[in-house]
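S.K.: With the sequence up front, the predicted model follows.
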Amino acid sequence: MSAKQFFKGTAFKCIVVLLSILLVCGILLTICNALFYVSEQEKLDRVLGKIYGESVETEEISLDDLETKFNYGEVNKVYKVTKDGNYIINASGTGGYGGAITSWVVVKVENNAVSGVGNVLIDTAPGETLTSSIPAEVYQYYSQHYVDGEAFDVNDIHATGLITGVTLSTTAITNGVNTAVDFVKSQILGQSIAGNPYENYAYIEYIDGAASSHTVDENGVITYDIKTTGLGVAGAFELTISVGADKKVTAFNIDVNGSTYGYNEYMMPDILDGTYIVGKGAEDFLAVLGENADDTSLSQIETGATGSSETHATKSNFLCLYAALFATANYDEAYTSAMLANIVNTEYIEMDATAWTVADGVITYDIKTTGLGVAGAFELTISVGADKKVTAFNIDVNGSTYGYNEYMMPDILDGTYIVGKSAEDFLAVLGENADDTDLSLIETGATGASETHATKSNFLCLYAAYFATSNYDLALTIGGKA
């Protein structure tokens, strides 16, 4: 067949038709792809829109330089809703029956502050079998009951009657919500949040430190308000435990029993009424809880070491004993922290960087002040005797800036004005409020100098001496601070 015959033949015509069809289809596919293409971001926004409750455009927030672990759980993913500045948080909350439950939480922001909680949905719940039993009203609870500065508490939800039999799962969801709110407040908005004051204490694995507190009375009796974590099927307990100066329990009460499924009826009676716990110290509780004081060895409890013949609420009994161990083992630390909370005149003092020692009734302070205006922080060594008057004064680091150290009052620089004086003397110069709102006495040379051009630097030195003398009794009682 010649070339001329081929191009006139049917075969060639079929090829042309097929190529034309392919060309047209290719053009149509290109047009359709352009019209209907959905990017990965759009797919994500559609998923997040279902969580948020309406269509949204979002941007993912990098967590590389942010803190993601908090008292109640951990943040996994964060998305900012571009149109209104709210956040969609993927957070894992601790305390579930099978461990952590991961939830999506919408955190609302208005005027640079968290204004509420929106939708809450479970993402993953490994090991949980009853999440389908959680009523919709529980998820709505968070948006209806948000109060700034207050963490959500599963016991408050329980009190509404919304949950029966799913306390642990609800605990984990609630902890996820609290984690999401804490993240936005601290990492996005730069606000301070309440941390765990007991993070450096012993035996805190099953203690909710952020929800616990303590006070001390004039007799050295520490009264703790303790909230435990949940453990297995046992929910969180809330207890009031008092510990005397001999580091033994003087009073014990279960305020909220975390037992679930009616297991509170099977707890050891002598733990329920406190008779086994009162009068015991940390060593006694360790003897029952085991060397590691964890829930891996509960044979002592299970075989009735407290005097009961048997128990079917081992984890509930464990949490009560563990709380008593925490309270007694940490007596010294708790006493010191309670005393430190009573220290006064700290407005211009960096307490975390301030320490003191006691020897023969003389307290030697290593004080770091805050900055004040153009004056930077001062570091000073000040000694106070039993008569509560300064016996020695030295400026270790002068915080004056722009060369103003040369204009400070000479009798403050060398300490001659400060040594021998008491809190009352310093207050007479600093003014009734002992703050920097009225520095006229310093400015007019009340220390003996004719004038000053470094008022705030002089003020910080006088304030440090006022702090040292006014807290002599408490500092002596505490006995030293590192």
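M.R.: Received the coordinates, thanks. Numbers count the residues shown, from 1 in each chain.
S.K.: contacts and neighbour counts: CA atoms only from here.
M.R.: Fine.
S.K.: Residue 93 pairs with what?
M.R.: On the basis of DSSP bridges, residue 93 is bridged to residue 73, residue 101.
S.K.: right, and it touches residue 71 too?
M.R.: No: between residue 93 and residue 71 there is no contact under Cα atoms under 8 Å: 9.4 Å.
S.K.: Which one's more surrounded, these two?
M.R.: Taking neighbours as other Cα atoms under 10 Å, residue 93 and residue 71 compare with residue 93 leading, 29 against 19.
S.K.: and the gap between that one and residue 21?
M.R.: According to Cα to Cα, to the nearest Å, residue 93 stands 58 Å off from residue 21.
S.K.: repeat for residue 54
M.R.: From residue 54 over to residue 21 (counting by Cα to Cα), the distance is 42 Å.
S.K.: quick one: pLDDT of residue 56?
M.R.: On the pLDDT scale, residue 56 is placed at 85.
S.K.: If you could redo that for residue 231, that was the one I meant.
M.R.: Residue 231 is given a pLDDT of 81.
S.K.: Quick one: neighbours of it, just the number.
M.R.: There are 23 residues near residue 231, going by other Cα under 10 Å.
S.K.: Going forward, count from 2.
M.R.: New numbering, starting at 2: the last item is residue 232.
S.K.: Contacts only, for it.
M.R.: Taking Cα atoms under 8 Å, 6 or more residues apart in numbering, we find residue 232 in contact with 96, 98, 207, 316, 317, 320.
S.K.: And for residue 120?
M.R.: When contacts are taken as Cα under 8 Å, 6+ apart, residue 120 is in contact with 52, 53, 54, 105, 106, 107, 140, 141, 144.
S.K.: Nearest residue to the residue nearest to the spatial centre of the chain in space, please, no chain neighbours.
M.R.: Against the mean C-alpha coordinate of the chain, by Cα atoms, centre = their mean, the closest residue is residue 196 at 2.6 Å. Using Cα to Cα, 6 or more residues apart in numbering and skipping the chain neighbours, the partner closest in space to residue 196 is residue 211 (6.1 Å).
S.K.: Touching, that neighbour and residue 197? I think so.
M.R.: Yes: here residue 211 lies in contact with residue 197, judged by Cα under 8 Å, at a distance of 4.6 Å.
S.K.: Name the residues contacting each of residue 94 and residue 72.
M.R.: Common neighbours of residue 94 and residue 72 (Cα under 8 Å, 6+ apart) are residue 180.
S.K.: thinking again about what came up before, ok, how many other residues are close to the residue nearest to residue 196?
M.R.: What residue 211 shows, counting by other Cα under 10 Å, is a neighbour count of 17.
S.K.: contacting residues around it?
M.R.: Residues near residue 211 by Cα under 8 Å, 6+ apart: 72, 195, 196, 197, 198, 199.
S.K.: The same query, at a cut-off of 10 Å, please.
M.R.: 72, 73, 152, 195, 196, 197, 198, 199, 200, 227, 228 (Cα atoms under 10 Å, 6 or more residues apart in numbering).
S.K.: Next: residue 426.
M.R.: 390, 419, 467.
S.K.: I'd like the distance between the nearest residue to the last one once chain neighbours are set aside and residue 472.
M.R.: Right, the one you point to is residue 467. Nearest residue to residue 467, sequence neighbours excluded (Cα to Cα, 6+ apart): residue 424, at 5.1 Å. According to Cα to Cα, residue 424 and residue 472 sit 9 Å apart.
S.K.: what touches both of the two?
M.R.: Counting by Cα under 10 Å, 6+ apart, the residues touching both residue 424 and residue 472 are residue 389.
S.K.: how about the CA coordinates for whichever strand or helix holds residue 474, as CSV?
M.R.: Assigning secondary structure by DSSP states H and E places residue 474 in helix 473-479. Extracted C-alpha coordinates of helix 473-479, given in CSV (Å, rounded to 0.1, in the frame of the first residue of the first chain):
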residue,chain,number,x,y,z
TYR,A,473,13.5,38.6,110.2
ASP,A,474,11.1,36.4,112.3
LEU,A,475,9.8,34.4,109.4
ALA,A,476,13.2,33.9,107.9
LEU,A,477,14.5,32.7,111.2
THR,A,478,11.5,30.3,111.6
ILE,A,479,12.1,28.9,108.1
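S.K.: which other residues reach that helix?
M.R.: 333, 336-341, 343-345, 356-360, 362-366, 385-390, 424, 469-470, 480-482.
S.K.: Show me the helices in the stretch 252-401 of the chain, by range?
M.R.: Applying DSSP state H, counting those that start in this stretch to the stretch 252-401 of the chain gives helices spanning 270-273, 283-290, 300-303, 315-330, 332-341.
S.K.: one step back: quick one, which of residue 424 and residue 472 is more surrounded?
M.R.: Applying other Cα under 10 Å to residue 424 and residue 472 shows that residue 424 carries more neighbours, namely 20 against 17.
S.K.: so what's that one scoring on pLDDT?
M.R.: On the pLDDT scale, residue 424 gets 95.
S.K.: And for residue 392?
M.R.: So residue 392 comes in at 97 (pLDDT).
S.K.: List the contacts of it.
M.R.: 363, 364, 365, 383, 384, 385, 386, 416, 419, 420, 421, 422.
S.K.: Please work out how many residues are found near the fourth one.
M.R.: Spelled out, it's residue 383. Neighbours of residue 383 using other Cα under 10 Å come to 24.
S.K.: which non-adjacent residue is nearest it?
M.R.: Residue 383's closest residue in space is residue 394 (Cα to Cα, 6+ apart), at 4.6 Å.
S.K.: Which stretch among the helices of the stretch 252-401 of the chain is buried most, on average?
M.R.: helix 315-330 (a mean of 25; mean count of other Cα atoms under 10 Å).
S.K.: Show me what the mean pLDDT comes to for that one.
M.R.: Average pLDDT, helix 315-330: 93.
S.K.: What is that helix packed up against?
M.R.: Contacts defined by 3 or more Cα pairs under 10 Å, 6 or more residues apart in numbering; DSSP states H and E place helix 315-330 against strand 223-228, strand 239-244, strand 250-257, helix 270-273, helix 283-290, helix 300-303.
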